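Undergrad: My questions are about this predicted structure, shown below with the sequence.
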Amino acid sequence: MADELTPETPEEEQPKKKHKQRKNGLYPGVSEELAASMRTGWADTELRGLEPIAQAAHTAARRSALSRRFPGERLVVPAGRLKTRSNDTEYPFRASTEYAYLTGDQTENGVLVLEPAGETGHHATVYLLPRSDRENGEFWLSGSGELWVGRRHSLTEAEQLLGIPAKDVRKLPEELAEAEGPVRSVRGHDSVIETALTDKVTKERDEELRVYLSEARAVKDAFEIGELQKAVDSTVRGFEDVVKVLDKAEATSERYIEGTFFLRARVEGNDVGYGSICAAGPHACTLHWVRNDGDVRSGDLLLLDAGVETHSLYTADVTRTLPISGTYTDIQRKIYDAVYASQEAGIAAVKPGAKFRDFHDASQHVLAEKLVEWGLLEGPVERVLELGLQRRWTLHGTGHMLGMDVHDCAAARTEAYVDGTLEPGMCLTVEPGLYFQADDLTVPAEYRGIGVRIEDDILVTEDGNRNLSAGLPRASDEIEAWMARLKG
Ligand code: GLY
Ligand code: MN
Ligand code: MN
């Protein structure tokens, strides 16, 4: 039997009707009378006099810069489509970063097209699904109709909000197929658009567009910095929420922590910016522990790596390693304080003009010193660093660009990112760690199963840096005092 919450099934699959129905030629099983009823009697809900969204001026500047980089070429940037989770259910939609960055819009199936105009400029058009058609019944009979999935903006409303002319996206594949001249597109989001462009684009030229859009995002504008701060502020509240329910997590599992943080992310933002890592005890040594199904035990550490993504899709990326009991043991404190010292050295190396690698080198230097001091590695420190021996326990790079993607600007060229120079407006994480696996026989038993990471979101400013996540304590004694206050 059909679930009530599915669009109407075709007539042949329905039980025999008591009353004879006349076919209306559009949807089987719908009488002319019902179809006529559903066509009429609806109020005009068009929204008028809408103000542009907060980032409209910024997205216009971003499109202008893109236009200057690719004169005379048609540029196609899709938002993406819904992805099937199972049968007729879909994953929550998240627009492509490139599309949201250039439009401020996040509607599924949306496509931004910059069409060459004159020698240098472009005309931008955003292609969207218009309001559902009431004449043909799509709004209530199709699974993507507004009655099922919610009201969309009309094209006129979208134009007012985004500051970009809007057209019906259903006409776009045909328009693209007929378009003359060079085209570049952002791949991987919309198979319909990719099919329409098959003969017009090349992998190499599309990659140049992707690289440009990655590098363009490295320096954040004022709107973006405000959003990153909002993301971090919500994240701080999410961490506080978690501390307050640690007893409930102890009675259940790491999932209680994941769910608690997620509640904050969904209520204040769009989502979490990445799968929360809620790693209690030895799980902290698994870098991307997102199963979060383990026990939470007093006496162990909790490594919580989580970030709220704002409604405009900027994410925080913050880690704290907390003593579940509220107090670090001696060995936990020793390791924690070493990571803290390493992070302090890393943060101090974030400033305009510094090489991107400097903060990593500064952090690693401190960790190597500690490992030698503790007798886990044989000195001198310079030899350890040269051979990279500390990496058995430091495992990962010390940070990355942060923005709409948690690992932002990932397609940037090495010379523009890893080998590049820091500039005001860049935002990056500084996140050193030490991880002693539970089965690591090369360290004394007391180290085994302890993993510590401390991660903050650092904005490069004109004269140094600003720690956007300074709202969360970092030093071990400050963490303990903060936890005592929150646990009451
Ligand atoms: N949360 C992933 C990372 O810290 O890079
Ligand atoms: Mn990170
Ligand atoms: Mn992280």
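TA: Perfect, I can see it now. Ligands and ions are numbered 1, 2, ... in the order given.
Undergrad: Need phi/psi at the residue in the stretch 351-488 of the chain that ligand 3 sits nearest to.
TA: Residue nearest to ligand 3 within the stretch 351-488 of the chain: residue 455 (4.9 Å; CB to the ion). Backbone N, C-alpha and C define where each C-beta goes, glycine included. The phi/psi pair for residue 455 (degrees, to the nearest 10) reads phi -130, psi 130.
Undergrad: Show the contacting residues for it.
TA: Residues near residue 455 by CB atoms under 8 Å, 6 or more residues apart in numbering: 305, 317-320, 399, 429-431.
Undergrad: Would you map the helices across the stretch 51-200 of the chain?
TA: Using DSSP state H, counting those that start in this stretch, the helices of the stretch 51-200 of the chain run over 56-69, 97-103, 138-141, 146-149, 155-162, 172-178, 191-197.
Undergrad: low-confidence ranges in this protein?
TA: Along the chain, the parts satisfying pLDDT under 70 run over 1-27.
Undergrad: ok, 90 please
TA: 1-30, 88, 118-120, 133-138, 142-144, 488 (pLDDT under 90).
Undergrad: Near residue 351, how many other residues are there?
TA: 18 (other CB atoms under 10 Å).
Undergrad: Just want the angle from the longest helix along the chain to helix 56-69.
TA: When the chain is parsed with DSSP state H, its longest helix is helix 222-244. Inter-element angle recorded for helix 222-244 and helix 56-69: 120 degrees (by axes from the mean of the first three to the mean of the last three CA atoms, to 10 degrees).
Undergrad: Output the contacting helices and strands for helix 222-244.
TA: helix 56-69, helix 254-268, strand 301-306, strand 308-309, strand 318-323, strand 456-461, helix 476-487 (3 or more CB pairs under 8 Å, 6 or more residues apart in numbering; DSSP states H and E).
Undergrad: next one: that helix to chain centre, how far?
TA: 14 Å (CA atoms, centre = their mean, to the nearest Å).
Undergrad: Could you give me the buried positions within whatever helix or strand comes next after that helix?
TA: Later in the chain than helix 222-244, the nearest helix or strand by DSSP states H and E is helix 246-251. Residues of helix 246-251 classed as buried: 246, 249-250 (neighbour count, 16 or more other CB atoms under 10 Å).
Undergrad: do you know how far residue 98 is from ligand 1?
TA: Distance of residue 98 to ligand 1, given as CB to the nearest ligand atom, to the nearest Å: 20 Å.
Undergrad: nope, residue 52 is what I was after
TA: Relative to ligand 1, and taking CB to the nearest ligand atom, residue 52 is found at 33 Å.
Undergrad: what does residue 148 give?
TA: According to CB to the nearest ligand atom, residue 148 stands 35 Å off from ligand 1.
Undergrad: From here on, call the first residue 5.
TA: Okay, residue one is now 5; in that scheme the one you just asked about reads as residue 152.
Undergrad: What is the burial count for that residue?
TA: Neighbours of residue 152 (other CB under 10 Å): 15.
Undergrad: so who does the residue in the stretch 105-254 of the chain that ligand 2 sits nearest to touch?
TA: For the stretch 105-254 of the chain, the residue closest to ligand 2 is residue 239, as judged by CB to the ion, at 12.1 Å. Applying CB under 8 Å, 6+ apart to residue 239 gives the contacts 268, 310-312, 320, 322, 473.
Undergrad: Sort out which one of those lies nearest ligand 1 for me.
TA: residue 311 (7.0 Å; CB to the nearest ligand atom).
Undergrad: separation between the spatially closest residue to the closest one that is not a sequence neighbour and residue 373?
TA: The shortest distance from residue 311 to any non-neighbouring residue, by CB to CB, 6 or more residues apart in numbering, is to residue 320 (3.8 Å). Residue 320 is 30 Å from residue 373, where distance means CB to CB, to the nearest Å.
Undergrad: Just want to know which of these two has more residues nearby.
TA: Neighbour totals were compared for residue 320 and residue 373, and residue 320 leads with 31 against 20 (other CB under 10 Å).
Undergrad: Tell me the residues of this structure that contact ligand 1?
TA: Contact residues (CB under 6 Å from any ligand atom) of the chain with ligand 1: 278, 309, 321, 410, 435, 459.
Undergrad: CSV please, covering the residues you listed and showing distance to residue 423.
TA: CSV is the format used below for these (distance: CB to CB, whole Å):
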residue, distance to residue 423
278, 25
309, 27
321, 22
410, 22
435, 20
459, 23
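Undergrad: Neighbours of the nearest residue to residue 177 once chain neighbours are set aside, how many?
TA: Excluding the flanking residues, the one nearest residue 177 by CB to CB, 6+ apart is residue 200, at 4.0 Å. With neighbours defined by other CB under 10 Å, the count for residue 200 comes to 20.
Undergrad: so residue 54 is in which element?
TA: Per DSSP H and E, there is no helix or strand for residue 54.
Undergrad: Which residues are in contact with it?
TA: 161, 164-165.
Undergrad: ok, of those residues, which come out buried?
TA: Neighbour counting by 16+ other CB under 10 Å classes 161, 164-165 among these as buried.
Undergrad: ok so, going back, check which residues of the longest helix of the chain are buried.
TA: The neighbour-count check on helix 226-248 (16+ other CB under 10 Å) flags 227-244, 246-247 as buried.
Undergrad: What of stretch 141-158?
TA: By 16+ other CB under 10 Å, the buried positions in stretch 141-158 come out as 141-146, 149-150, 156-158.
Undergrad: Take those and lay them out in TSV including distance to residue 274.
TA: Shown next, in TSV, are the buried residues of stretch 141-158 (distance: CB to CB, whole Å):
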residue	distance to residue 274
141	32
142	28
143	26
144	28
145	30
146	26
149	24
150	21
156	18
157	17
158	23
